[in-house]
Each structure stands twice: as structure tokens, then as C-alpha cells.
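Student: Have a look; sequence and predicted model below, questions after that.
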Amino acid sequence: FTGTESYSAGNHRLREQMELEVVTIGTELVLGFTLDTNASDIASALTPIGANVVRVTSVGDDEMAIRNAVTDALERTGLVIVTGGLGPTRDDITKKAVAAIYGAPLRLDSKYLAVLERRFEKFGQGPMPESNRSQAEVPAGAEVLPNRRGTAPGLWLEGDPGTTVMLPGVSREMRGLIDEHVIPRLGDRLQADEQTRVTRSRTLRTTGVSESKLADQLGRIETKIDPVTLAYLPGIAGVDLRLTAWQMPDESAQRVLDRAAECLEPLLGANFYGIGEVDLAAIVLDTLKSHRVGLAVAESCTGGEVGSRITAIPGSSGVFVGGVICYSDSSKMRHLGVPNELLDSHGAVSEQVAKAMLDGVCHMFDVEAGVAVTGIAGPGGGSDEKPVGTVCLAARLGSRSRVLKRWFPGGRQEVRQRSAQAVLDLLRRLAFEL
């Protein structure tokens, strides 16, 4: 495989992008027991360098099915990435199936066998099990791609009918090999071709606003940002706006994406909170750090979800002081000083109780910033007046505070996640208005 040359229905055809296919292997995938995230991870990693995943195929742990899937993919593109089936057990037959396509018998790689044996000794696991010996068997002519995160090495095999890259099915190991070996090699081939075009994307993150309202807010923005395309991607955290520049030189792609983002951001206002994979909790922490205030949280229905989001951010200890999970009415009274009369007259899920929880936790930890959340996550406990999904949120920053009631759709965990996102967003908006 030589960069932009590939195969299509048996014929050579010049393309502006390097095209490849992905074959994911595992009976657990085709039965639906395991979600196949490897294919999407590979596509998202390779697209920015100009490599285009044009097809994804999943097959079970069957040697003939694997051979057919890889053979068909090689005939179409000449480049295939295969994940899974490289372990030490009997159902790990990927190497055997692919080796048969190339007529490359499996041979024991003594150097990699020694690496495996040292790995087991290093981690105090005793002598290497005999079953792991098969992981040191390599198709003749294949190059071993060292795997620092596990025992199954990656394998790079070139020849007739093309290039096959075999990677472990364990996501962490697969992604490590993609970053350390596959991207550098394919990137070098693409950079050698001055005609290489890339597809670049940029994601603008919004929260607290629906997809339809965003669409109305942006109007016919697509005509203004052409040739960039816009996709709306709703999820639990909010609606992501995916901007994509298709198949153009890298410098041009970055330029048109910059222009498109500059068009959108002013229209989004306070609903916009960041670009890319940024977490709202990180935005909140950075904002509070700039205000030099500490943060405390009081949680009921979320059961620690808010605190977990916050402490997952490196450096959160510079802002986050602590929190209280007060699930029962008695714990709300005992630990946060929520008056019994508020609970009796308004109920635990009320704006009044949320505000009292906020006041109590800010007083307890002597901080100027805080959030509180109480609600009905379900599946039971709802009523006509307060159905499942009813949540009351409160936030404070300095002398300013805000309380609101929301209703969130979904199952128990979804309500909890939406509630955590919403209360963090409530605090962010208080800071945004300063």
C-alpha cells in the first residue's frame, strides 16, 4: 500500500484521501453483549491525518468469517485495521485467519517471547502461563508493534493483497498502538503526498438548551459557514455542535473552521461553554479559581455525582473544599440545618429545601460558592404534582444565588447525570453574568 493508491472492485483508483476499512472481531460484539467502541475510536483518531475509514465490519470468533471479512476489505481498499482476537485463548484466532490470506505461516518470535516472560516476572505473576506463548507467534514477514499496556502485540503485515494491521481488542491497548505506531506510519505516507486532503472537525459544546431551540437560534447559519457543515449532536450533557471541513488541505481546513466557529459563538451566548472534549466541571473550577473562592456541594438525588465530576478534574483540590450527601430528610436537618417546617410544608424536592441545603453547605464549609440538588430520580417516588425526573437546583457565587426547578427525562442514572450537569451549569451561568 503506497499512500493514495487503493483498490476498488479489483481496479486501481487514485483517491484524494487514504481509504481503509476496519474489521472488529469478537462474538461478544455481534451478540450485542459488548459495545464496539474501537471502530469509532480508530476513525476519530485517523480522520485528522487524512485517513478515511469507509467501512466497518464486525464478525464473530470464526476463522472463515474473519478471513472473508479481511479479504473483502483488502480487495476494496488495500488497507485494513483489524482489532480483537489476539489473546491467549482458543477463540483468539485472528492471526491464524489473516496469516492464511497472505500464505504466511505463524512462527515463534523468540525476542517477543522473552519480552512476555519478563513482563510476567516484573509484575510478580510468576512464570508465564503456557497459553500466553501463542501471543509470541507471528505471521512470517509481519512486524511486531510492541504493546506497553498488555501482552498481545500489534502486527503490521504487508504484501499481496495489501496491508493488514492487527491490534488488540482491549480499547486502552488498541488506542495506545494507534497513537504510537499506526498514526506515525500512515501520517508519514500521507505527508509524502502533496495532494493529501484532510477532514477536520471542531466541536462547540452547549448545555441547558434544546436542539430545536438552538436550531431556531442559529437560523440559516449553514449558508454563512459554507463549505463547513454543521451537525447537531444532542446528549445527556447538552447539545454538541460539530463543525466539519471536508477533504481540503490542512491549512485551508483550519482556516474555514476558525471562521465558522467565530460566526457561531456570538449566537450561542451563555449556552456555549467550551470547545472539544472539555468538561463543564473543569470550566466551573477554572472560573471559581479566577474568582479565588472555594466550592462546596450538597447532594441528595445525585448521590455524589456532582462531587465525583468535580474531583475527576486534576487540580480540583485548589477550589473544591468538600460536600455532603444528605439523602434522608433527617440527614438534611441534622447536617445542613434544613428546617423541619420547610420539609413538612414543601417536601424534600422543592426550591425552598434546595436553597436551605445550599445555605447549609456554604455555612458548614465557610465558602462563597456552592451548589445543591434534590430530586426524584425514579423509577418510583413520583406523583402528579412532582413526577419522576423533577429536580430542584440551587447555586451561589458570592452574594448572588439562584434556585430553579427542572424536569429531566430518562431513567434513574440519566436523571442523576442530567441533574449534575444542570447544577454545575447553573453555577457557571452565575459567573457568566458577572
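Tutor: That came through, no problem.
Student: Name the nearest residue to residue 97, ignoring sequence neighbours.
Tutor: residue 66 (3.9 Å; CB to CB, 6 or more residues apart in numbering). (C-beta placed from N, C-alpha, C; glycine too.)
Student: Quick check: the one you found touching residue 91?
Tutor: No. Distance between residue 66 and residue 91: 11.2 Å, which falls outside the contact criterion (CB atoms under 8 Å).
Student: any common contacting residues for these two?
Tutor: Residues touching both residue 66 and residue 91 by CB atoms under 8 Å, 6 or more residues apart in numbering: residue 85.
Student: quick one, which of those two is more surrounded?
Tutor: residue 66 (26 against 14; other CB atoms under 10 Å).
Student: ok, that one to residue 173 distance?
Tutor: According to CB to CB, to the nearest Å, residue 66 stands 19 Å off from residue 173.
Student: Count the neighbours of residue 71 for me.
Tutor: Count around residue 71 with other CB under 10 Å applied: 18.
Student: That one is in contact with residue 101, isn't it?
Tutor: Yes. Using CB under 8 Å, residue 71 makes contact with residue 101 at a distance of 5.7 Å.
Student: and for these two, which residues touch both?
Tutor: residue 161.
Student: Dead centre of the protein: give me the residue that sits there.
Tutor: Centroid check for the chain by CA atoms, centre = their mean gives residue 277 as the closest residue, at 7.8 Å.
Student: so is that residue in a helix, a strand, or just coil?
Tutor: Classification of residue 277 using DSSP: H, G, I helix; E, B strand; the rest coil returns coil.
Student: Spatially nearest residue to it, not counting backbone neighbours?
Tutor: Using CB to CB, 6+ apart, the closest residue to residue 277 is residue 203 (7.8 Å).
Student: helix or strand for the one you found, which one?
Tutor: Per DSSP states H and E, residue 203 falls inside strand 198-206.
Student: Okay, now the unreliable bits of the stretch 51-200 of the chain?
Tutor: 191-196 (pLDDT under 70).
Student: Go again with 80.
Tutor: By pLDDT under 80, the weakly predicted segments of the stretch 51-200 of the chain are 123-126, 189-197.
Student: Pull the distance from the top strand by length along the chain to the chain's centre.
Tutor: The longest strand of the chain (DSSP state E) is strand 238-248. Here strand 238-248 is found 16 Å from its chain centre; the criterion is CA atoms, centre = their mean, to the nearest Å.
Student: Could I get the buried residue list for the host helix or strand of residue 253?
Tutor: According to DSSP H and E, residue 253 maps onto helix 250-268. Within helix 250-268, the residues that count as buried by 16 or more other CB atoms under 10 Å are 250, 253, 256-257, 260-261, 264, 268.
Student: can I get the CA coordinates of that helix in CSV?
Tutor: Provided in CSV are the C-alpha atoms of helix 250-268 (Å, rounded to 0.1, in the frame of the first residue of the first chain):
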residue,chain,number,x,y,z
ASP,A,250,-4.9,21.1,6.3
GLU,A,251,-4.3,24.9,6.4
SER,A,252,-7.5,25.6,4.5
ALA,A,253,-9.5,23.3,6.7
GLN,A,254,-8.2,25.1,9.9
ARG,A,255,-9.0,28.5,8.4
VAL,A,256,-12.6,27.8,7.4
LEU,A,257,-13.2,26.1,10.8
ASP,A,258,-11.9,29.2,12.6
ARG,A,259,-14.2,31.4,10.6
ALA,A,260,-17.2,29.1,11.2
ALA,A,261,-16.6,29.0,15.0
GLU,A,262,-16.3,32.8,15.0
CYS,A,263,-19.7,33.0,13.4
LEU,A,264,-21.4,30.6,15.8
GLU,A,265,-20.0,31.6,19.2
PRO,A,266,-21.7,35.0,19.5
LEU,A,267,-25.1,33.5,18.6
LEU,A,268,-24.8,30.9,21.3
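Student: List of residues touching it?
Tutor: Outside helix 250-268, the residues that reach it (CB under 8 Å, 6+ apart) are 50, 198-202, 204, 206, 214, 217-218, 221, 224-225, 227-228, 230, 241, 243, 245, 248, 272, 275.
Student: Now do it and strand 198-206, the angle between them.
Tutor: For helix 250-268 against strand 198-206, the angle by axes from the mean of the first three to the mean of the last three CA atoms, to 10 degrees is 20 degrees.
Student: what is the mean pLDDT for helix 250-268?
Tutor: For helix 250-268, the mean pLDDT works out to 94.
Student: what distance separates that helix from the centre of its chain?
Tutor: 23 Å.
Student: and the angle for it with strand 238-248?
Tutor: 150 degrees.
Student: Regarding this protein, what is its longest helix?
Tutor: Assignment by DSSP state H gives helix 412-432 as the longest helix of the chain.
Student: now the strands for the stretch 1-150 of the chain?
Tutor: Using DSSP state E, counting those that start in this stretch, the strands of the stretch 1-150 of the chain run over residues 5-8, 11-14, 18-25, 51-59, 79-83, 106-108, 137-139, 143-145.
Student: Of those strands, which stretch is the most buried?
Tutor: Comparing the strands of the stretch 1-150 of the chain by mean neighbour count (mean count of other CB atoms under 10 Å), strand 79-83 ranks first with a mean of 28.
Student: Partner strands of that strand and their direction?
Tutor: In the sheet, strand 79-83 lines up against strand 18-25 (parallel), strand 162-167 (parallel) (DSSP bridges).
Student: got a list of contacts for that strand?
Tutor: 1, 6, 18-25, 38-39, 42, 66, 70, 73-74, 94, 98, 162-169, 174, 182.
Student: cutoff 6 Å now
Tutor: Residues from elsewhere that reach strand 79-83 (CB atoms under 6 Å, 6 or more residues apart in numbering): 1, 20-24, 38, 42, 70, 73-74, 163-167, 169, 174.
Student: Describe which strands the strand holding residue 203 pairs with in its sheet and in which direction.
Tutor: Strand 198-206 is paired, per DSSP bridges, with strand 238-248 (antiparallel), strand 272-275 (antiparallel).
Student: what does that strand contact?
Tutor: With CB under 6 Å, 6+ apart as the criterion, strand 198-206 contacts 47, 50, 238-247, 250, 253, 257, 264, 268, 271-276.
Student: hmm, 8 Å instead?
Tutor: 17, 47-50, 52, 214, 233, 237-250, 253-254, 257, 260-261, 264-265, 268, 271-278, 280.
Student: That strand versus helix 412-432: what angle between them?
Tutor: Using the same axes, to 10 degrees: strand 198-206 against helix 412-432 is 80 degrees.
Student: just how off-centre is strand 198-206 within its chain?
Tutor: So, by CA atoms, centre = their mean, the centroid of strand 198-206 is 14 Å from its chain's centroid.
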